[in-house]
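In: Give me a model of this one.
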Amino acid sequence: LLGREADLLARGGRYALVGSTGSGKTTTLAKLAARGVDAHGAGAVALVAADAYRIGAAAQLTVYADLLGVSLHVAEDLEKLGQLLPHLADKKLVLIDTAGFAPNDPRTREGQALDALGVRRLAVISAAQQGAAIEQAMTRFGQGAAACILTKLDETPQPGAALDSLIRHRLPLAYVSSGQRVPEDLHAPNAA
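Out: The predicted model follows:
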């Protein structure tokens, strides 16, 4: 567990949410952005739509950006993201929504290229999957990630498989999410 003093939002930085299709990356990003606005103000937070694969991905983020009063930028590929990031140097918190792929898709390796841009990856893993699927996602998206956010705990009668995988991969748990409400359903983890 990441302690309160190590809270990602308090520290700020550049974070990309990576994970499987349908893991809850975009909704989680909106929750993080809302908390970031509360902590730092709307002018200090920027969202980046870096999902060139899903139709309507940028449109969904536009709604969240408008509601929160934060800036939204689009980067169709890593090269454009690399060109954009220096222009966001004055932002305390930059949150990047990436494309979701199945863990065995070769395009998932693109996420590791974010490290060279000074972007820290947060693995967004749905706890509502079978244990083997959680393990596969943790192996692909969790390797080299700064931390993990477990989502869909409200759809998970037994989160043991997700917790077991986190422990075995030694990946810090930054947040848990248990519903669609923005930002109410995002919580700091606790032992209970």
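In: Could I get the phi/psi values of G24?
Out: phi 100, psi 20 (degrees, to the nearest 10).
In: mind checking how far the residue lying closest to E110 once chain neighbours are set aside is from Q130?
Out: Nearest-residue entry for E110: L78, 6.7 Å, with adjacent residues in sequence omitted and distances by CB to CB, 6 or more residues apart in numbering. Backbone N, C-alpha and C define where each C-beta goes, glycine included. Shown here: L78 relative to Q130, a distance of 32 Å by CB to CB, to the nearest Å.
In: Report pLDDT for the residue nearest to E110.
Out: You'll see L78 listed with a pLDDT of 88.
In: Could you list the low-confidence segments of the chain?
Out: 1-6, 52-57, 106-108, 192 (pLDDT under 70).
In: For it, which helix extends over the most residues?
Out: Ordering each helix of the chain by length in residues (DSSP state H) puts helix 25-40 first.
In: Dump it to CSV, restricted to CA.
Out: What follows is helix 25-40, C-alpha atoms only, in CSV (Å, rounded to 0.1, in the frame of the first residue of the first chain):
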residue,chain,number,x,y,z
LYS,A,25,-8.9,3.4,-17.3
THR,A,26,-10.9,6.4,-18.6
THR,A,27,-13.3,6.5,-15.6
THR,A,28,-10.4,6.0,-13.2
LEU,A,29,-8.6,8.9,-14.9
ALA,A,30,-11.6,11.1,-14.4
LYS,A,31,-11.7,10.2,-10.7
LEU,A,32,-8.0,11.0,-10.4
ALA,A,33,-8.4,14.3,-12.3
ALA,A,34,-11.3,15.4,-10.0
ARG,A,35,-9.2,14.6,-6.9
GLY,A,36,-6.2,16.5,-8.6
VAL,A,37,-8.4,19.5,-9.1
ASP,A,38,-9.4,19.5,-5.5
ALA,A,39,-5.8,19.2,-4.4
HIS,A,40,-4.1,21.6,-6.9
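In: which strands and helices sit next to that helix?
Out: Contacts defined by 3 or more CB pairs under 8 Å, 6 or more residues apart in numbering; DSSP states H and E place helix 25-40 against helix 8-11, strand 13-18, strand 45-50, helix 57-68, strand 93-98, strand 147-151, strand 173-177, strand 186-187.
In: No further queries at this time; thank you.
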